[in-house]
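**Student:** Quick check, what structure comes out for this input:
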Amino acid sequence: MKISVVMICYNREKTIYSALSSIAKQLNNDDEIIVSDDNSSDQTIDIVKQLQNEYPIIKIFEHSNLGIEENMKFAFSKCQNEIVVIADSDDISLLGRIEKIRSCFESNSKLEVIYHNAEIIDENNNVTSLNFFETFNQKSSLINMMIKTTFYGACMAFKTSFINMYAKNIVANSIPWDRYLGFIAKARKTLMFLPDDKLLQYRRWLDNASIKKKSSLIQKFKVRFSWLKLYIKYRFN
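**Tutor:** Now for the predicted structure:
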């Protein structure tokens, strides 16, 4: 099965080279990488174009202030292969990531979404956690998903047929795109959790790690109720 890697980016000149090269070297000539830049003002695109000389499978698209959800939706629309793998522009794909994802999909025709584990690194590439799932309380049970925020796009891969069916709704939906697609796959029973496979180094920036937005109990209830409605919609329809 052939793979389309999706990487959206904005002002990632410090990390884009390692993020892109770490996954590009794992791909075959008939795979592809969709890089969708949202009007970066630094050297991000210049670095991507340099890498494109080494890896012609990189396809570059440039936009002006689409925003995350619209940019992701656009990148999905450009994928031409059977599997879509998400690669964030500041993370590092560990060797064997693509091989593992490809083999899982090839061995299970009913599988639509993979959610794998990762290590966590800081802005200086220091490993701060060897288990992303433990740090962020990621578990496969529906109850845990309703309590803890589950599904981080950086650790996800999809069947393209699944993306084509459901990604068109992610922008209009109030649920972030990764949670939206993850809950649909959970409801359809086509989701594979891989807690023992750390296939990525997920970068946790200091400002993201130390500053947390506080939500009221009402806001938290509304968010989780929207997750539950989404699950019920696709579980019983």
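
**Student:** Report the mean per-residue pLDDT for the single longest strand found in the chain.
**Tutor:** When the chain is parsed with DSSP state E, its longest strand is strand 191-203. Average pLDDT, strand 191-203: 97.

**Student:** What strands line up against that strand, and which way round?
**Tutor:** strand 92-93 (antiparallel), strand 113-121 (parallel) (DSSP bridges).

**Student:** can you put those in CSV and add distance to residue 26?
**Tutor:** All C-beta spots, glycine's among them, are computed from the backbone N, C-alpha and C. As requested, these are exported to CSV (distance: least, CB to CB, whole Å):
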stretch, distance to residue 26
strand 92-93, 7
strand 113-121, 14
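
**Student:** Take those strands and write them to CSV, including mean pLDDT, distance to residue 84 and mean neighbour count.
**Tutor:** Formatted as CSV, these follow (pLDDT from 0 to 100; distance: least, CB to CB, whole Å; neighbours: other CB atoms under 10 Å):
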stretch, mean pLDDT, distance to residue 84, mean neighbour count
strand 92-93, 98, 14, 24
strand 113-121, 98, 10, 22
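
**Student:** Can you tell me which of the ones you listed is nearest to residue 132?
**Tutor:** strand 113-121 (4.0 Å; CB to CB).

**Student:** Dump that closest one to PDB, keeping only the CA atoms.
**Tutor:** Taking Å, rounded to 0.1, in the frame of the first residue of the first chain, the C-alpha atoms of strand 113-121 are listed here in PDB:
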ATOM      1  CA  VAL A 113      -7.400   4.600  11.900                       C
ATOM      2  CA  ILE A 114      -4.100   4.000  13.800                       C
ATOM      3  CA  TYR A 115      -3.200   5.800  17.000                       C
ATOM      4  CA  HIS A 116       0.300   5.100  18.100                       C
ATOM      5  CA  ASN A 117       2.500   6.000  21.100                       C
ATOM      6  CA  ALA A 118       5.500   8.300  21.200                       C
ATOM      7  CA  GLU A 119       8.300   9.700  23.200                       C
ATOM      8  CA  ILE A 120       8.200  13.400  24.200                       C
ATOM      9  CA  ILE A 121      11.000  15.800  23.600                       C
END
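
**Student:** Moving C-terminal from that strand, which element do we reach first?
**Tutor:** Later in the chain than strand 113-121, the nearest helix or strand by DSSP states H and E is strand 127-129.

**Student:** what comes up buried for that following strand?
**Tutor:** Buried residues in strand 127-129, counted by 16 or more other CB atoms under 10 Å: residue 129.

**Student:** Same check on stretch 131-138?
**Tutor:** Those would be 132-133, 136, 138, for stretch 131-138 by 16+ other CB under 10 Å.

**Student:** what about it, distance to the chain center?
**Tutor:** 16 Å (CA atoms, centre = their mean, to the nearest Å).

**Student:** one step back: what comes into contact with the longest strand of the chain?
**Tutor:** With CB atoms under 8 Å, 6 or more residues apart in numbering as the test, strand 191-203 has contacts from 15, 88, 90-94, 96-97, 100-101, 104, 108, 111-123, 125, 127, 130-133, 138-140, 152, 154-155, 182, 185.
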